[in-house]
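*Asks:* Okay, structure incoming, though there's no sequence with it:
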């Protein structure tokens, strides 16, 4: 039997990372934050002034990265907070449409699929990386609410932020992600679309875990 996957996709600041991590914890599954991989490449590209697609793809294929509990290490250096900066996120959104970069990361992403199961969040988990995922969720929220959530998240981490600039960046990133030729941000045909605008984190987690348990009973998973 294939290792089960719950794929949670959605736009930036939709809360998918927080939700996915909590769902994984609730079910005892592994967790993949695919966006962190793109942010890592973006950080390397900014640090090393990489501009060509081939150079960025090469960095993606060979970067020495370790996910260690709440830390993300590149060459033994903890960059967990650095990859959360908006400049890195914006660069990641520019890099994400590059086909050779996406191909370089595909094998890394699929390697996270280990027993007893995986919760993966991103923008193309259900459509490209794990098209056979047994539960696919497209998590969204009102753009202004997403901007406010991101602003609060950054301020709590001690990172300077401007709400108006965040709103503008999110709108631009949404448009870029939705219109890109490779793996655009769209719900899979068989995704459950969930608007979290009026829901708490725990309510969203409860709903997704409930969907999974309902499907597990039908499919015979434990």
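*Replies:* Nice, thanks for sending it over. Predicted, not measured: the structure shown is a model, and the values here were computed from it.
*Asks:* Only C-alpha atoms from now on, for both contacts and neighbour counts.
*Replies:* Noted.
*Asks:* now do the same end-to-end measure for stretch 90-104.
*Replies:* 20 Å (Cα to Cα, to the nearest Å).
*Asks:* State the distance from the one residue sitting closest to the centre of the chain to residue 49.
*Replies:* Central residue of the chain (Cα atoms, centre = their mean): residue 122, 2.9 Å from the mean position. For residue 122, the distance to residue 49 (Cα to Cα) stands at 25 Å.
*Asks:* Give the other helices and strands that the longest helix along the chain contacts.
*Replies:* Counting residues, the longest helix in the chain under DSSP state H turns out to be helix 201-219. Applying 3 or more Cα pairs under 8 Å, 6 or more residues apart in numbering; DSSP states H and E, we find helix 201-219 packed against helix 16-27, strand 135-140.
*Asks:* what does whichever strand or helix holds residue 108 rub up against?
*Replies:* Per DSSP states H and E, residue 108 falls inside helix 99-110. Helix 99-110 has contacts (Cα atoms under 8 Å, 6 or more residues apart in numbering) with 32, 34, 37, 53-54, 56-58, 60-61, 95-96, 129-130, 182.
*Asks:* out of those, which are buried?
*Replies:* Buried residues within these, counting neighbours by 16 or more other Cα atoms under 10 Å: 32, 34, 37, 56-57, 60-61, 95-96, 129-130.
*Asks:* Could you list every helix and strand in contact with the lowest-mean-pLDDT helix or strand in the chain?
*Replies:* Using mean pLDDT, DSSP states H and E, strand 65-68 stands out as the lowest-scoring helix or strand of the chain, at a mean of 82. With contacts taken as 3+ Cα pairs under 8 Å, 6+ apart, strand 65-68 sits against strand 71-74.
*Asks:* Tell me the strands beside the helix or strand that the strand it packs on is followed by, with direction?
*Replies:* Next along the chain after strand 71-74, taking DSSP H and E as the criterion, comes strand 77-78. As defined by DSSP bridges, the strand partners of strand 77-78 come to strand 71-74 (antiparallel).
*Asks:* Perfect, that will be all.
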